[in-house]
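S.K.: Need the 3D shape of this:
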Amino acid sequence: PIRVGLIVSVTGNYTPLGTEDRKAVELAVEQVNAQGGLLGRRVEIVFRDDKTQPNQAVLAFNAIKRDIDAVIGPVFSNSALAVEPIAERDEIPYLSLAPVTEQVRPIKKYIFVTPALSEMYGERYLQYFQAQKITRVAVAHDRNSSYAVDGRKTVVDKAARYGVQVVRDETYETTTTDFSPIFTRIRDSGAQAFLFWGSGPPGVTVAKQYAAAGIDIPLMLTGSQASTLWTRP
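M.R.: Here you go, the predicted model:
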């Protein structure tokens, strides 16, 4: 068989993302095998949980690397950055589910990224702001998330070329449960939109608290919240 490693978070902070990724991969493998497999060979998954921790992702990869032909994951950018150099060194094709740009800058032989990169999300937002004539924005990012740090950097570094000014540049911790101090500063900043960089539970928390705070400017979320669970309510 062709054996594919799958390292995603089914426990820890990124459980909602990792659980859905696992379902998607299992469904794809089921469909591929129903059609005769790949190159006439059955595909098998070798699964490991990284628990949303970079050190656990490395342990998981090292535990299965001799038994696999390629590996998918992790979805947590910090874990992905921890595994990526080992996969490159060991010449194991690595398909990352994390969007952080650093994985493919510079380009590497064995490393591939499936989602849009965080810098792409950042620049697309600036293009949107320019088109909507939004010139003053507030930004908040999770200082412990490589994805959020990378996306925020793109927005701050390239804002001027799109005629955008970052009037508030806030940080928070992954464990933050009260965003009201940030909302107060944003309300007083004159911002025309609030761009929130984060993944997992903080996105849920900020969305609920933002609605309750009654701030009358758009809350802009990123690709980490690409789910109808956000748009339906």
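
S.K.: Contact partners for residue 7?
M.R.: Taking Cβ atoms under 8 Å, 6 or more residues apart in numbering, we find residue 7 in contact with 47-50, 57, 60-61, 71-74, 79, 83. C-beta coordinates here come from the backbone N, C-alpha and C atoms, glycine included.

S.K.: Next, it: secondary structure please.
M.R.: Here residue 7 is recorded as strand under DSSP: H, G, I helix; E, B strand; the rest coil.

S.K.: so where's the chain shaky on pLDDT?
M.R.: The chain contains residues with pLDDT under 70 at 233.

S.K.: coming back round to it: next, format the contacts of residue 7 as CSV and append distance to residue 115.
M.R.: Converted to CSV, the contacts of residue 7 look like this (distance: Cβ to Cβ, whole Å):
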residue, distance to residue 115
47, 20
48, 20
49, 20
50, 17
57, 17
60, 20
61, 20
71, 16
72, 12
73, 12
74, 12
79, 15
83, 16
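
S.K.: In helices only, show me those residues.
M.R.: 57, 60, 61, 79, 83 (DSSP state H).

S.K.: In space, what's closest to the third one - neighbours in sequence excluded?
M.R.: The spatially closest residue to residue 61, leaving aside those adjacent along the chain, is residue 83, at 4.9 Å (Cβ to Cβ, 6 or more residues apart in numbering).

S.K.: Neighbours of that neighbour, how many?
M.R.: Residues lying near residue 83 (other Cβ atoms under 10 Å) number 28.

S.K.: The chain should start at 311 in everything you say after this.
M.R.: Right, with 311 as the first residue, what we last looked at is residue 393.

S.K.: Of the contacts of residue 317 - the most surrounded one?
M.R.: Neighbour count (other Cβ under 10 Å) singles out residue 384 as the most crowded of these, with 35 neighbours.

S.K.: That one is in contact with residue 318, isn't it?
M.R.: Yes. Under the criterion of Cβ atoms under 8 Å, residue 384 makes contact with residue 318 at 5.6 Å.

S.K.: joint contacts of those two?
M.R.: Listed as contacting both residue 384 and residue 318 by Cβ under 8 Å, 6+ apart are 328, 360, 407.

S.K.: And those residues, which is closest to residue 497?
M.R.: Set against residue 497, the nearest of the shared contacts of residue 384 and residue 318 by Cβ to Cβ is residue 328 (34.6 Å).

S.K.: what packs against the helix or strand the closest one falls within?
M.R.: Element membership of residue 328 [criterion: DSSP states H and E] is helix 325-344. Under the contact criterion of 3 or more Cβ pairs under 8 Å, 6 or more residues apart in numbering; DSSP states H and E, helix 325-344 touches strand 312-318, strand 353-359.

S.K.: And those strands: which comes nearest residue 458?
M.R.: For residue 458, the closest of the helices and strands packed on helix 325-344 is strand 312-318, at 18.9 Å, according to Cβ to Cβ.
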